[in-house]
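# please find the sequence and the predicted model below.
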Amino acid sequence: MTSYQLFTQTTVTTATMWVGNYLPAVGSWLATRLDMVVFIHSFAWIFLLSSVIPALLLGKERGVLAQFGLCLSLAFLAFVIQDVLSSIGNGALDQILGLATVFRNPLLAIAYLSVPYLLMLGLDMRSKQKKELEKQAEPETNDFPEDTFVAEEDFQEERTGISKPNECLQ
């Protein structure tokens, strides 16, 4: 999560400039709203992580408070790691941020920005396939209540005084 936050600004700027070369109107529109685009891509990654990690750690039966606590801990941990890296005397944060030059390649920047969306799409497809397999494995049940016909016979008997509909024919 920390690395994504550190590199998002660089990748969005690179992708915006690349789009601006081919579609100048779109590129200038994106450039004027660069902060919003950075926020959206950062949010996508944080959303993915805050959805997947609690599901993996807490299971399906997680409570809202437990999920909130875990997500808050992860967000706090991301800030702590960033602060620790910036305070280390050897310039560890500068070394990590030095990797940002890799993301000045437009194709790598776009691939990097696409990762959370591709993971979300993959998780959705996997979830749908899993539900379909579970649905196929379930035996079909008759959801129609068995006592419905009994109630109809009781109603028929009260209305006509005849206990069974076939007695009318005799």
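Received, thanks.

# what number of residues lie near residue 49?
By the criterion of other Cβ atoms under 10 Å, residue 49 has 18 neighbours. (C-beta placed from N, C-alpha, C; glycine too.)

# from residue 73, how far out is it?
Distance of residue 49 to residue 73, given as Cβ to Cβ, to the nearest Å: 12 Å.

# which neighbouring elements make contact with the host helix or strand of residue 118?
Assigned by DSSP states H and E, residue 118 falls within helix 106-137. Helix 106-137 sits against helix 2-22, helix 34-58, with contacts defined as 3 or more Cβ pairs under 8 Å, 6 or more residues apart in numbering; DSSP states H and E.

# show me which of the ones you listed has the highest average neighbour count.
Counting by mean count of other Cβ atoms under 10 Å, helix 2-22 has the highest mean neighbour count of the helices and strands packed on helix 106-137, with a mean of 18.

# wait, residue 67 touches residue 54, no?
Yes. Using Cβ atoms under 8 Å, residue 67 is in contact with residue 54, at 4.5 Å.

# okay, now the unreliable bits of this protein?
For the chain, the stretches with pLDDT under 70 are 1-5, 89-94, 139-170.

# now do 80
Applying pLDDT under 80 to the chain picks out residues 1-6, 46, 49-50, 53-64, 66-67, 70-71, 74-75, 78-79, 81-100, 138-170.

# phi and psi next, for residue 33.
Per-residue torsions, residue 33: phi -120, psi 30 (degrees, to the nearest 10).

# that one and residue 12, how far apart?
Distance of residue 33 to residue 12, computed by Cβ to Cβ: 10 Å.

# and residue 34, by the same measure?
6 Å.

# need the contact list for the residue nearest to residue 112 when sequence neighbours are not counted.
For residue 112, ignoring the flanking residues on the chain, the nearest one in space by Cβ to Cβ, 6 or more residues apart in numbering is residue 11 at 5.0 Å. Neighbour list for residue 11: 41, 103, 108-110, 112-113 [criterion: Cβ atoms under 8 Å, 6 or more residues apart in numbering].

# since that was my last question, I'll sign off now.
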